[in-house]
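Asks: just coords:
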């Protein structure tokens, strides 16, 4: 088939949107038929329960969006390289384009696929769009990569960011569509079990929902973002994390919205831009130092005496929201009910696990990877290593968050704890009761259980952690 008229396969991954999508925009602009394809390959099979369920919701929404434009999403399972070759042969397409990803597994897979397809005479291209700044374009003055966030922020805050791209004016379709598998048959949400219905009440998937949420945040909340974002009982954050994770909205749209808010002198605008940049920093680090995903980033930590049993009684108490520390338990239950956790609370629960309970950060990182609907490989790894003290630009090892003091400061009236803990209330709200509808039956939990005593006294845990740090000289 003529390469100027043959179809282009656009391989969607974590970029489930139509607007501000450089690669898809270029494919549609060519005037050639475009075949949107999503492949459930090994990287999808390896996702945790909550991110896989959220992906299913995202694919449902994206399929509807494409159908509303007269197109459709082709779903296939299998090895990505083989599936792409199958669709190329079935359709006579001559090109495969996609948006770049930056974790080492995706990098290796995509490089091999691009090389193989080019050798076979196909047009294989990758595009930007998952990040604001490609990791290799932002460099220190000496040509290296940034290891300190504040330095990277100073470097990127004044960089020019191009205007966002609109939705394609037209998506040309092929004369005949190839076979597509049924999304329901993939059962991506199966591992969520009964928790799916509970978490589902707190999730609105898709590009349209992302735009509504962003517009509302900019209109009503960004002015107070800096002052209120650390208070978990207040809905003061953008709520963009799961949309960004699946690429249902581009980081450029967030950046440009923040820039507009800053020109309007809204107080929280610059802090919001810093948070967008913090995500960029996580990807910058993952690209240049991919070992951060599964190894201590800093030297000197490999022999630290972490507890490494993910099923230790103290760790199970942490996972179940039964540590006896109200702020920690409230946060862990928020996670199980909503699939998300407030950022301030994430720091508290991570500090408690890695410091008070002396448990390896990878155990916490893996639990978040299974339970977060906004799971992101770079942000999850960097966040855990930052709190544990093992990562780049990390919190000092001697910073051990005290959950009781944090609650007094950021949940003074106890509204957040009351929202999620049922046992200490005569008439608990539905948010607290819903945890027991979401939790596995095997946990044997009930709202009238006695609230547990602390599995580790805060002062004792802090002293033990500091003694271990000093002994190891980290």
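Replies: Right, received. Where do you want to start? Bear in mind that the values here come from a model prediction, so they are computed numbers and not experimental data. Numbers count the residues shown, from 1 in each chain.
Asks: what's the neighbour count on residue 312?
Replies: Look at residue 312: counted by other Cβ atoms under 10 Å, it has 14 neighbours. Using the backbone N, CA and C atoms, a C-beta is placed for each residue, glycine as well.
Asks: who's the nearest residue to it once chain neighbours are set aside bridged to?
Replies: Here the nearest residue to residue 312 in space, its sequence neighbours aside, is residue 359; by Cβ to Cβ, 6 or more residues apart in numbering that works out to 7.4 Å. Beta-bridge pairing for residue 359 (DSSP bridges): residue 307.
Asks: Residue 359 contacts residue 317, correct?
Replies: No. If you go by Cβ atoms under 8 Å, residue 359 and residue 317 don't touch, sitting 11.1 Å apart.
Asks: Please, where are all the strands along the protein?
Replies: 8-12, 34-40, 74-77, 95-99, 123-127 (DSSP state E).
Asks: The third one pairs with which strands?
Replies: Read it as strand 74-77. By DSSP bridges, strand 74-77 pairs with strand 34-40 (parallel).
Asks: what's next to the partner strand, contact-wise?
Replies: When contacts are defined by Cβ atoms under 8 Å, 6 or more residues apart in numbering, strand 34-40 is touched by residues 7-13, 24, 27-28, 59, 66, 71-78, 80, 83-84, 87, 91, 93, 171-174, 177-178, 186, 188.
Asks: what residue ranges in the chain score low on pLDDT?
Replies: For the chain, the stretches with pLDDT under 70 are 1-4, 394-397, 472-474.
Asks: quick one: residue 107 from residue 99, how far?
Replies: Note on residue 107: its distance to residue 99, by Cβ to Cβ, to the nearest Å, is 13 Å.
Asks: And the two? Which one has more around it.
Replies: residue 99 (23 against 15).
Asks: Hmm, residue 131 and that one touching each other?
Replies: No. Using Cβ under 8 Å, residue 99 is not in contact with residue 131, being 9.9 Å away.
Asks: what residues go with each domain of the chain?
Replies: 1-129, 131-163+198-288, 313-472 (automatic domain parsing).
Asks: okay, those in a markdown table with distance to residue 305 next?
Replies: Listed next are the domains of the chain as a markdown table, based on distance: least, Cβ to Cβ, whole Å:
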| stretch | distance to residue 305 |
| --- | --- |
| domain 1-129 | 27 |
| domain 131-163+198-288 | 26 |
| domain 313-472 | 6 |
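Asks: Please name whichever of these is nearest to residue 182.
Replies: For residue 182, the closest of these is domain 1-129, at 7.4 Å, according to Cβ to Cβ.
Asks: what about that closest one, distance to the chain center?
Replies: Relative to the centre of its chain, domain 1-129 is centred 20 Å away, using Cα atoms, centre = their mean, to the nearest Å.
Asks: same thing with stretch 181-190?
Replies: Centroid displacement of stretch 181-190 relative to its chain, using Cα atoms, centre = their mean, is 21 Å.
Asks: what's next to that stretch, contact-wise?
Replies: With contacts defined as Cβ under 8 Å, 6+ apart, stretch 181-190 is touched by 40, 44, 52-53, 55-57, 59-60, 63, 75-77, 196.
Asks: Only whichever of those are buried, select them in PyMOL.
Replies: Here is the PyMOL command that picks out the buried ones among the contacts of stretch 181-190, judged by 16 or more other Cβ atoms under 10 Å:
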select buried, resi 40+44+52+53+55+56+57+59+60+63+75+76+196
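Asks: Which of the contacts of strand 34-40 fall in helices?
Replies: If you go by DSSP state H, the contacts of strand 34-40 have 24, 27-28, 59, 66, 80, 83-84, 87, 91, 186 in helices.
Asks: Using a markdown table, lay out those residues together with distance to residue 278.
Replies: As requested, these are arranged in a markdown table below (distance: Cβ to Cβ, whole Å):
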| residue | distance to residue 278 |
| --- | --- |
| 24 | 27 |
| 27 | 31 |
| 28 | 32 |
| 59 | 28 |
| 66 | 32 |
| 80 | 30 |
| 83 | 35 |
| 84 | 34 |
| 87 | 37 |
| 91 | 41 |
| 186 | 33 |
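Asks: Among the residues you listed, pick out the one closest to residue 284, please.
Replies: The nearest member of the ones in helices among the contacts of strand 34-40 to residue 284, counting by Cβ to Cβ, is residue 24 at 24.5 Å.
Asks: Hmm, that closest one is touching residue 10, no?
Replies: Yes. Judged on Cβ under 8 Å, residue 24 makes contact with residue 10 at a distance of 5.5 Å.
Asks: Tell me how many other residues surround the closest residue in space to residue 346 that isn't next to it in sequence.
Replies: In space, and not counting its chain neighbours, residue 346 is closest to residue 383: 6.5 Å by Cβ to Cβ, 6+ apart. Per other Cβ under 10 Å, the neighbour tally for residue 383 reads 22.
Asks: Quick check: residue 5 vs residue 28, distance?
Replies: From residue 5 across to residue 28, the span is 15 Å (Cβ to Cβ).
Asks: next one: residue 91
Replies: Distance of residue 91 to residue 28, computed by Cβ to Cβ: 17 Å.
Asks: just residue 320 next, same as before
Replies: Plainly put, residue 320 is 48 Å away from residue 28 if you go by Cβ to Cβ.
Asks: Just want to know which of the two has more residues nearby.
Replies: Per other Cβ under 10 Å, whichever of residue 320 and residue 28 has more neighbours is residue 28, with 22 against 19.
Asks: Nearest residue to that one in space, please, no chain neighbours.
Replies: Nearest to residue 28 is residue 168, by Cβ to Cβ, 6+ apart, at 3.5 Å.
Asks: Touching, the one you found and residue 31? I think so.
Replies: No. If you go by Cβ under 8 Å, residue 168 and residue 31 don't touch, sitting 10.8 Å apart.
Asks: Which residues in stretch 361-370 does the neighbour count mark as buried?
Replies: Those would be 361-370, for stretch 361-370 by 16+ other Cβ under 10 Å.
Asks: Please render these as JSON lines that adds distance to residue 435 to the earlier fields.
Replies: Below are the buried residues of stretch 361-370 laid out as JSON lines (distance: Cβ to Cβ, whole Å):
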{"residue": "361", "distance to residue 435": "25"}
{"residue": "362", "distance to residue 435": "25"}
{"residue": "363", "distance to residue 435": "21"}
{"residue": "364", "distance to residue 435": "19"}
{"residue": "365", "distance to residue 435": "22"}
{"residue": "366", "distance to residue 435": "21"}
{"residue": "367", "distance to residue 435": "16"}
{"residue": "368", "distance to residue 435": "17"}
{"residue": "369", "distance to residue 435": "20"}
{"residue": "370", "distance to residue 435": "16"}
